[in-house]
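below: sequence and its predicted model.
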Amino acid sequence: MVVDILSIPKRFFRTLSNLRTGIVLLLLVVIAAAMGTFILQRPATDSQKLQSAYSPQTLQWLDRLSLTDVFHAWWFLTLLGLLSLSIVLVSIDRFPNAWRFYARPYRKTDSHFRSALPTKVELPIRNASDGINAAERALKKLRWPVERIADGNQNSLYSERHRFSVMAVYVIHASLLLIFAGGIIDGLFGYSGYLMLQRGQTANVIELRTGAKKVLPFSIKCYEAGQENYADGSPKKWWSKLAVVQDGKEVKTKEIVVNDPLVHRGLRFYQASYGPTGNVEGVKVIATPKGGTPREITLQMNKPVELDKNTTVTLAEFIPDFFIRDNQVFKRSDDVVNPAFRLQIKQAGIDHAATQWIFPAYNPVSQGQDAGYQFEFRDMQMGYFTGLEVSHEPGQWLVWAGCILMGVGLFVAFYMVHMRLWIVAVPNTKGKLVLWIGGQANKNKDRFEQKFGEVVNSIREELDRASNIPRSARKEEAELTLVAVK
Amino acid sequence: MATRARVVRMEPPATTGGNALLILVGLGVAFLLITALLGAAKTGGPLFNESNLLYVALIFYAGAGALYMGFGVTGVAKYVKFASVATALGLTANTLAVAHRWYLAGRPPFASIYEMLLSFVWTVAALTLVTEKKFGVKIIGSITMPLAVVCVILMQLLPSGVRPLVPALQSTWLHVHVTLAMLSYAACAVSFALAMMFLIKDRFPTETFLALTSALVSAIYVAIIATRFEKWGGLSVTAWDAKEKSDVFLGRGVRLFVTVPDLGWLFVMAGVAAMVPLVFYFLARVQKNDSYYGIANKAVFIGILLQVIVLAAFVLRVRDASYASPYQEGLYPTALAASPFILGGLVTGVFASLLYLMLLWRRTDLEALLPSADTLDRVTYKTICVAFPLLTGMIAAGAYWANRTWGSYWSWDPKETWAAITWLVYAGYLHMRITRGWRGRRAAYFAILGFGVVIFTFLGVTYLLPGLHAYA
């Protein structure tokens, strides 16, 4: 058998432009996505948890099939790509017909058409042009746009509403593609990461989700950060006062809270977390020189404080929870329950710095090598960090535009009914001249029938007014209409 | 008119019996209301608070459900009228409960699974009345009212304290997102009920309903037994800390389980009994012998009996008792509140079986009361046309909010993913219907599947799949 190479793209096109293929792709996406929620996913769950949840062989296979990161796997992205391609191709396949229907509406009222239309009414009239004129006036009163169609010597009316609603389905599919496009742009050019700042700190390097580092074109400085609590102790608000620093200048400042990020040059900084760093930010001690007057000083990690011209003191080590063995100080845990501070006192002319320890839980006064000073613990303040989520999503505006467009499209597609009316004066089967009114709607038949009845009543009233028929003479007509209404 | 004449002709004694049930349900409702009133008076608490109002709503919904089912059993059309009055009264109490909670919290009640269920039940009841009045689907309540009752019972057990909003929830988008979610989920629930009605009207074989009911109940029991059956026939349940009003946690997200001895065997028995009708159904199909259906129907009775026994045993043994845990020494108290989903599953099983009995006995009368299959099909489609844009709006609002809070509009979180799956399933329904002309049964199956996915997204994901969407 000879395979025509040239027919392959055509076949591919034909397969993808089949709605059934689209539905199968949709099903595959659904199944893959569901798997992605049942199997623990890689970046979100740490590998330790994964290893305890699955046996090594299973995990190896899951990894090999990239089932531990379904939503970023090449085959999932391919599926999504094929699905969008299918949407495009199905739309292209169907568009010409829809466009023909939209651009060249069927306006004529030949007898085949009249007999095939299910919704129709006949009203007796005396004169063709009077009847048509009355119908036109009635439609205008109800704000239906009216067109007069001349077919030979026969005049008929054509009127329609919401014709654009037949195109809404293309708007919806286009909006879906916009959203996908936004997602793809963000997947390719967007990034997101994490920035941890302490009070007063400035940084321009963020840690990406992948673990890599990224240098931002500007720096972020954190002035203040804090947490407010409810009466029951649960967190109510996290906030950070941030500033954007570019070339040494402060460009922008903002106090951010959880639902209100700072935006600068397409980068958004979100308040994500707040908590203790486990390090001490400041320790207040009273320094007393031998025979001198005591003085209160604040010590910070690794920052020397001058005591007098010849002497400086440095907070060299902080242990949140200590124990002593063999005359050495060790750390027991990270909880700040039993702290210890190591101070180093350096005197001019002496190479070796003196070491003193403070164990506030036992004795507020420092002990250790003599250096002419004694320190008494007063107060300490733990450091807090503010956790900022950083993200750059250049495609998000496409996504929002797509969402809005989809909302509009869905509204038009589901709730705006394309209604058409044809009116012509013709003799009916009994040979009597009647005003034939036919109508059609593409959905919501109940609502259309109500509208249709409204139109028919209005035309009837207009006919009565025009011919001044007294009410008593209308019995015959009423019977006629009853026969005609389906 | 024709309906009533026919019903009276077929069931001459039922009319008098009908009054008896009305009086019975009326007395039951009155009795429960008076005991509740006396209870409230005795404790001296405020009379019109949220939990009392919700209790009143529960009584009326249950009364409505009983009347709808009573209609099913006796075929007296008058019940339906009273049932709809009871639904309206229940809805009123429910509205007041929502209003009271709103007033107390100073914000709309959308912040926890309890509050979401409160809004969900409200919307379901309101939509039931709308469908009944506007589209003439009179007995839709026989499916939606049991659903409402199950939800309200679940709510009685879930922690209901008004909690302050955690930082991430303090946003207008919370209200937009959750309102849209509740409206669309309730519309999906109604479309599910309508699709069921369609299948009844469309002469869907009663035997298949038998198989489906049996499969559903078996699935519930298999799920419970598979996750909770312990060695030597025990059933493990979560330990309850009465002081903190929460489950006992061993670590972050790790609950402490205690074992209730012997209860497991009872569950196994009821589970097996629930599977028996399914087995006989397949036997009947394979051997083409209809007499097996009779046996299957008898097995349903035994199944219901066992299910009620299991329910009673579960309630009696788990409420206010203490059991040992295999993980940690000592006795730990249990409470029904710690196992809302086992209880919800058991109650759902009983209701599903009872609904099947109603169908088995009163199919002709049910069909007589329903509008034409064509109308039901159309109204199902219309409800989905309402649900789908709401679902879309819900997802879009959620994405926008997530973008403001988590820094990303889409993070493939399980809840997000399942919301998208729900959306895709309904999108599939619409495509099949509009372009492929799927009408009738196939469309009804799709609508039922869609609601199954909605329930999983709403409740299943919250309790089975961990993720960012931890609030509800």
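Perfect, I can see it now.

alpha carbons only for contacts and neighbour counts from here, please
Fine.

give me the spatial nearest neighbour of residue 336, chain neighbours excluded.
Assuming you mean chain A. What sits nearest to A:V336 in space, not counting adjacent residues and going by C-alpha to C-alpha, 6 or more residues apart in numbering or on different chains, is A:P320, at 4.5 Å.

try again with chain B
Using C-alpha to C-alpha, 6+ apart, the nearest residue to B:L336 is B:R319, at 5.4 Å.

and that neighbour, how far from A:D260?
As judged by C-alpha to C-alpha, to the nearest Å, B:R319 and A:D260 stand 45 Å apart.

cool, A:Q60 as well?
41 Å.

more neighbours, these two?
A:D260 (17 against 13; other C-alpha atoms under 10 Å in any protein chain shown).

what is the least confident helix or strand in chain B?
When the helices and strands of chain B are scored by mean pLDDT, DSSP states H and E, helix B:2-10 comes last with a mean of 37.

number of residues surrounding whatever residue of the stretch 1-150 of chain B ends up closest to chain A?
Closest to chain A within the stretch 1-150 of chain B is B:F135: 11.3 Å, counting by C-alpha to the nearest C-alpha. Using other C-alpha under 10 Å, B:F135 has 13 neighbouring residues.

and the pLDDT for the nearest residue to it once chain neighbours are set aside?
Once flanking residues are discounted, B:F135 sits nearest to B:V379: 7.6 Å by C-alpha to C-alpha, 6+ apart. pLDDT for B:V379: 87.

before we move on, what about B:G75?
66.

for A:A44, same thing?
At A:A44, pLDDT is 67.

what's the answer for B:L47, then?
At B:L47, pLDDT is 63.

please apply the same query to B:L424.
92.

next SSE after the helix or strand harbouring B:E115?
Using DSSP states H and E, B:E115 sits within helix B:113-135. Note on helix B:113-135: by DSSP H and E, the next helix or strand toward the C-terminus is helix B:141-157.

gap between the spatially most distant residue from the centre of chain B and B:A335?
Here chain B reaches farthest from its C-alpha mean at B:E329, the gap being 37.0 Å by C-alpha atoms, centre = their mean. Computed as C-alpha to C-alpha, the B:E329 to B:A335 distance reads 19 Å.

residue contacts, B:Y68?
B:79-80, B:83, B:139, B:141-142 (C-alpha atoms under 8 Å, 6 or more residues apart in numbering or on different chains).

list the buried residues of the longest helix seen in chain A.
Secondary structure assigned by DSSP state H gives helix A:74-103 as the longest helix of chain A. Buried positions in helix A:74-103, judged by neighbour count with 16 or more other C-alpha atoms under 10 Å in any protein chain shown: A:76, A:79-80, A:82-91, A:93.

which among the residues you listed are in contact with chain B?
Among the buried residues of helix A:74-103, proximity to chain B is found for none (C-alpha under 8 Å from any C-alpha of the partner chain).

and B:E367, what does it touch?
B:200-201.

please, which helix or strand holds it?
helix B:340-369.

what residues does the stretch 151-300 of chain A have near chain B?
Near chain B, when you scan the stretch 151-300 of chain A using C-alpha under 8 Å from any C-alpha, you find A:230, A:234-238, A:258-261, A:268-272.

and those, which is closest to A:G22?
Lowest distance from A:G22 to these (C-alpha to C-alpha) belongs to A:R268, with 36.4 Å.

which residue ranges make up each domain of the chain?
With no chain named, the answer covers chain A. Following automatic domain parsing, one gets these domains for chain A: A:7-102, A:111-162+A:417-484, A:188-278+A:386-391, A:279-381.

please go with chain B instead
Split by automatic domain parsing, chain B gives B:1-164, B:219-341, B:372-472.

the host helix or strand of B:V237 - contacts with which helices or strands?
If you go by DSSP H and E, B:V237 is part of strand B:234-238. Packing partners of strand B:234-238 (3 or more C-alpha pairs under 8 Å, 6 or more residues apart in numbering or on different chains; DSSP states H and E): helix B:206-228, strand B:229-230, strand B:257-260, helix B:263-287.

that one pairs with which strands, parallel or anti?
Strand B:234-238 has its sheet partners listed here by DSSP bridges as strand B:229-230 (antiparallel), strand B:257-260 (antiparallel).

for these, give me CSV that also has mean pLDDT.
Putting these into CSV (pLDDT from 0 to 100) gives the following:
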stretch, mean pLDDT
strand B:229-230, 80
strand B:257-260, 82
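
turn these into a markdown table, including mean neighbour count.
A markdown table is the format used below for these (neighbours: other C-alpha atoms under 10 Å in any protein chain shown):
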| stretch | mean neighbour count |
| --- | --- |
| strand B:229-230 | 22 |
| strand B:257-260 | 25 |
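
okay, now A:S17: neighbour count?
Counted with other C-alpha under 10 Å, residues neighbouring A:S17 total 21.

let's see the pLDDT reported for the nearest residue to B:D202 once chain neighbours are set aside.
Of all residues not flanking B:D202 in the chain, B:A373 sits nearest, at 5.9 Å (C-alpha to C-alpha, 6+ apart). Predicted confidence (pLDDT) for B:A373: 87.

likewise for B:S160?
B:S160 is given a pLDDT of 63.

next: A:P294.
You'll see A:P294 listed with a pLDDT of 85.

ok, now which ones touch it?
So A:P294 contacts A:286-288 (C-alpha under 8 Å, 6+ apart).

redo that, cut-off 6 Å
A:287-288 (C-alpha atoms under 6 Å, 6 or more residues apart in numbering or on different chains).

what's the distance between it and chain B?
Going from A:P294 to chain B by C-alpha to the nearest C-alpha, to the nearest Å gives 45 Å.

got the phi and psi for A:V336?
For A:V336, the backbone dihedrals are phi -80, psi 80 (criterion: degrees, to the nearest 10).

please apply the same query to A:H418.
phi -80, psi 110.

correct me, but it touches A:S159?
No - using C-alpha atoms under 6 Å as the test, A:H418 is too far from A:S159 to be in contact (10.8 Å).

shared neighbours of those two, which are they?
By C-alpha under 6 Å, 6+ apart, no residue touches both A:H418 and A:S159.

tell me how many other residues crowd B:T348.
20.

err, A:N442, not the other one
If we define neighbours as other C-alpha under 10 Å, then A:N442 has 14 of them.

tell me the phi and psi of it?
phi -90, psi -10.

so where's the chain shaky on pLDDT?
Chain wasn't specified; assuming chain A. A:1-6, A:43-44, A:233, A:468-486 (pLDDT under 70).

hmm, no, I was thinking of chain B.
Using pLDDT under 70, chain B drops low at B:1-21, B:38-48, B:72-75, B:158-171, B:242-246, B:250-254, B:463-472.
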